[in-house]
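Enquirer: Build me a model from this:
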Amino acid sequence: MLQEGRLPRAKKRFGQNFLVQPQIIARIVAAIRPVPGDQLVEIGPGPGALTKALLRLLPQLTVVELDRDMIAGLHALASPEQLQVIQADALEIDFPALAGAGNILRVVGNLPYNVATPLIFHILEQAEQVRDMHFMLQKEVVDRMVAVPGTKAYGRLSVMIQAHCAVESLFTVAPGNFFPVPKVDSAFMRLVPHRPGLLPLHLQVPFARIVATSFAQRRKTLANNLRGILSADDLRGLQIDPGCRAETLDQAAFFRLAEATAEQGK
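Expert: Model prediction:
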């Protein structure tokens, strides 16, 4: 049963669409499987529908909320010993500092569509102390993150996300489960950082650069997009067809491209 009448006013500038369907909240909690001992952080709790469900299973929870008007309501949900409320922009949070030395975080949230991608990359930059992430995002974005080579949705975002973590779309959530009702479907997803990381430190910058350049103009061949960086002969030497397009390449091919550019100092 929806509970719109009890909700505070959603603010467009924060991209707020509050999850109000108890059955979906229960499904989210079942997917996360929180247990006592988990150091869990919820981003963007809003009025706290998911927060309340998590508090029933955890002795301690941390939430990060940007909207000052939500803070008093969150404090009212539990004692400070059980619920730590941080009023801040999650894009500015130091997650390893939040975890503390030797601890591992689990991160969850119903993310505003306009900040979801930069926030995920912000967390992945600090992923050495992150066990997993469970997020509600716009379905189109999730589809791009989980896409495989040769599909329309496969692109720069797919390659970059999958280089850093295993990605899984868990289930779709229709607009009517939110208030206000968004104009698009959402999807709940899981991201698990690779242990150990697939990308050596010295390849992280070349990898990001070569992926961005390869997808700069999707209709162009790889040789055209990489002109001035790697020649057609270079590509053939890497067992890559110069006439192919970037969306046909798998992760291993992009690793080879990054290694080649790093070796050439490009």
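
Enquirer: what kind of secondary structure is the residue nearest to the spatial centre of the chain in?
Expert: Residue closest to the mean C-alpha point of the chain, counted by Cα atoms, centre = their mean, is Ile120 at 3.6 Å. Put simply, Ile120 is helix when judged by DSSP: H, G, I helix; E, B strand; the rest coil.

Enquirer: residues contacting it?
Expert: By Cβ atoms under 8 Å, 6 or more residues apart in numbering, the residues touching Ile120 are Met133, Phe135, Ile161, Leu191. Where C-beta positions appear, they are placed from N, C-alpha and C, glycine not excepted.

Enquirer: For it, give its distance to Val142.
Expert: 11 Å (Cβ to Cβ, to the nearest Å).

Enquirer: ditto for Arg209
Expert: Arg209 is 25 Å from Val142, by Cβ to Cβ.

Enquirer: Redo the contacts of Ile120 as a markdown table? Include pLDDT.
Expert: Listed next are the contacts of Ile120 as a markdown table, based on pLDDT from 0 to 100:
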| residue | pLDDT |
| --- | --- |
| Met133 | 98 |
| Phe135 | 98 |
| Ile161 | 97 |
| Leu191 | 98 |
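
Enquirer: Let me know the closest of these to Asn177.
Expert: In terms of Cβ to Cβ, no member of those lies closer to Asn177 than Phe135, at 15.3 Å.

Enquirer: Neighbouring strands of the helix or strand harbouring the closest one in the sheet, and parallel or not?
Expert: Using DSSP states H and E, Phe135 falls within strand 130-138. The strands beside strand 130-138 in its sheet (DSSP bridges) come out as strand 105-110 (parallel), strand 186-193 (antiparallel).

Enquirer: how about that strand as PDB, C-alpha atoms only?
Expert: Listed next in PDB are the C-alpha coordinates belonging to strand 130-138 (Å, rounded to 0.1, in the frame of the first residue of the first chain):
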ATOM      1  CA  VAL A 130      33.900  -1.600  -0.100                       C
ATOM      2  CA  ARG A 131      32.500  -5.100  -0.100                       C
ATOM      3  CA  ASP A 132      29.500  -4.400  -2.300                       C
ATOM      4  CA  MET A 133      27.000  -1.800  -3.500                       C
ATOM      5  CA  HIS A 134      23.200  -2.200  -4.000                       C
ATOM      6  CA  PHE A 135      21.600   0.700  -5.800                       C
ATOM      7  CA  MET A 136      18.200   1.700  -7.300                       C
ATOM      8  CA  LEU A 137      18.900   3.500 -10.600                       C
ATOM      9  CA  GLN A 138      17.200   4.400 -13.800                       C
END
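
Enquirer: The helix or strand just after that strand: which residues count as buried?
Expert: Downstream of strand 130-138, the next assigned helix or strand under DSSP H and E is helix 139-146. Within helix 139-146, the residues that count as buried by 16 or more other Cβ atoms under 10 Å are Lys139, Val141, Val142, Asp143, Arg144, Met145, Val146.

Enquirer: Distance of the closest residue in space to Thr221 that isn't next to it in sequence relative to Leu257?
Expert: Spatial nearest neighbour of Thr221, excluding adjacent residues (Cβ to Cβ, 6 or more residues apart in numbering): Gly243 at 5.2 Å. Going from Gly243 to Leu257 by Cβ to Cβ gives 15 Å.

Enquirer: For Ala163, the count of nearby residues, please.
Expert: 21 (other Cβ atoms under 10 Å).

Enquirer: Mind checking the strands paired with strand 130-138 for the one nearest to Asp233?
Expert: Comparing the strands paired with strand 130-138 by Cβ to Cβ, strand 186-193 comes nearest, at 36.3 Å.
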